[in-house]
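[1] Curious how this folds, go ahead:
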Amino acid sequence: MSTPQSVTVETGSRLHFGPLTNGLSRGRLFGGIGMMIDAPRVSLKVRRAGRDGIDCPLQHAEKVRRVLQRVRVSYDKLGPIELKVEAETELHSGLGTGTQLSVAIVEGMLRLAGEISTPTRLFELSDRGKRSALGIHGFVSGGFLLDGGKRDPGSLGTLLARLEVPEEWRILLITPTDCSGLSGEAEAAAFQDLQAMPLSTTSELSRLVLLEILPALSEKDCSAFASALHEYGALVGDYFSEIQGGRYAHPAMRELVPWLRERNVAGTGQTSWGPTMFAFFENGADASDIAESIESDPRWDGCTIRIARPLNRGAKIEMT
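    Coordinates of the predicted model:
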């Protein structure tokens, strides 16, 4: 494989619907379900240069530097590079921006070094995927993903299933801008402090995935898929309520969910630690109608409202 002079990497965001387990004394670790969406977007270009340079939003600068330093340990002969990053959302909003950014940097650096990446290599160099593998597998393949969990703390979770999401479906994203979701050391501490997820909860989550969510998605039944996904998220949210103060992390979002369900919006929930909430729709027109209603209601002033599409492909990579 010839070594390029520049590499451009573009990826989307990750919705995480929650883990399948936590803290059980037997079996695999974490697991869970999630999917990739086309927005918010993360894009970067890395190229060979006369000296090192970083051009990125200020809030991402420290993360970018850490990832570059980590990759340099393995590729110290790569030479100086310039890296330009565009990220359309803040870190720690529940959309997996940190993972997508970190993995995209690693991908770009590997390509510059003439190496083809693998999920395991991305895991090793990005320092992401310590609990959930969804962001890494989603970066590689897109789609709706079932993470079968980690066999041990130092491994990447196994991808058990990947399904495409109907292209006409839309996902409404509502992000409060006055707080952030847990991350880093605080997130690790939260998992350690929680009581083990009851086996009965893991069993019901597994039943929902295998007998409702995946079959409905396979049959392109948005209503059944959304209803089961809401139930899945409610169980996960109740488990984490001790840490995040309720089923959903942000007080205004706890009010938003019943408001949406009164309007027959079945597929609502929180992605990861939030504060971003999602809602599924069969088409863009229905999603736009609800988005306009939310934007016109002062209870949700200050929220960022987006409508995303399913992303059924891996990251787009161009080399020159």
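[2] Return the set of buried residues in stretch 17-35.
    The neighbour-count check on stretch 17-35 (16 or more other C-beta atoms under 10 Å) flags 17-22, 28-35 as buried. (C-beta placed from N, C-alpha, C; glycine too.)
[3] tell me which helix or strand of this structure sits lowest on mean pLDDT?
    helix 184-193 (a mean of 72; mean pLDDT, DSSP states H and E).
[4] got a list of contacts for the helix or strand following that helix?
    Past helix 184-193, further along toward the C-terminus, the next helix or strand under DSSP states H and E is helix 199-208. Here helix 199-208 makes contact (C-beta atoms under 8 Å, 6 or more residues apart in numbering) with 18, 20-21, 24, 228, 231-232, 235-236, 239.
[5] And those residues, which two are furthest apart?
    In the contacts of helix 199-208, two members sit farther apart than any others by C-beta to C-beta. They are Leu24 and Ala228, at 22.8 Å.
[6] returning to that earlier point: how about the least confident helix or strand of the chain, which residues are buried there?
    187, 190-191.
[7] check contacts around the closest residue to Phe240 other than its chain neighbours.
    For Phe240, ignoring the flanking residues on the chain, the nearest one in space by C-beta to C-beta, 6 or more residues apart in numbering is Leu194 at 7.4 Å. Leu194 sits next to 22-23, 239-240, 242-243 when contact means C-beta under 8 Å, 6+ apart.
[8] same question, Gly96
    So, once contact is read as C-beta under 8 Å, 6+ apart, Gly96 ends up touching 13-16, 134-135, 138, 272.
[9] How about it, nearest residue that isn't a chain neighbour?
    Arg14 (3.3 Å).
[10] Make sure that neighbour is indeed in a helix.
    No: Arg14 sits outside any helix when classified using DSSP: H, G, I helix; E, B strand; the rest coil, being strand.
[11] quick one, what contacts it?
    Counting by C-beta under 8 Å, 6+ apart, Arg14 makes contact with 34-37, 95-96, 99-100, 134-135, 138, 271.
[12] May I have the beta-bridge partners of it?
    For Arg14, the beta-bridge partners under DSSP bridges are Met36.
[13] Could you give me the buried positions within the helix or strand harbouring Ile243?
    Using DSSP H and E, Ile243 falls within helix 241-244. Residues of helix 241-244 classed as buried: 243-244 (neighbour count, 16+ other C-beta under 10 Å).
[14] Output the below-cut-off pLDDT ranges for the stretch 101-250 of the chain.
    Within the stretch 101-250 of the chain, the ranges that satisfy pLDDT under 70 run 180-186.
[15] all strands in it, in order from the N-terminus.
    Ranges of strands in the stretch 101-250 of the chain, per DSSP state E, counting those that start in this stretch, are 144-147, 159-163, 170-176.
[16] can you redo the ones you listed as CSV with mean neighbour count and distance to Ile116?
    Below are those laid out as CSV (neighbours: other C-beta atoms under 10 Å; distance: least, C-beta to C-beta, whole Å):
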stretch, mean neighbour count, distance to Ile116
strand 144-147, 26, 21
strand 159-163, 16, 18
strand 170-176, 24, 31
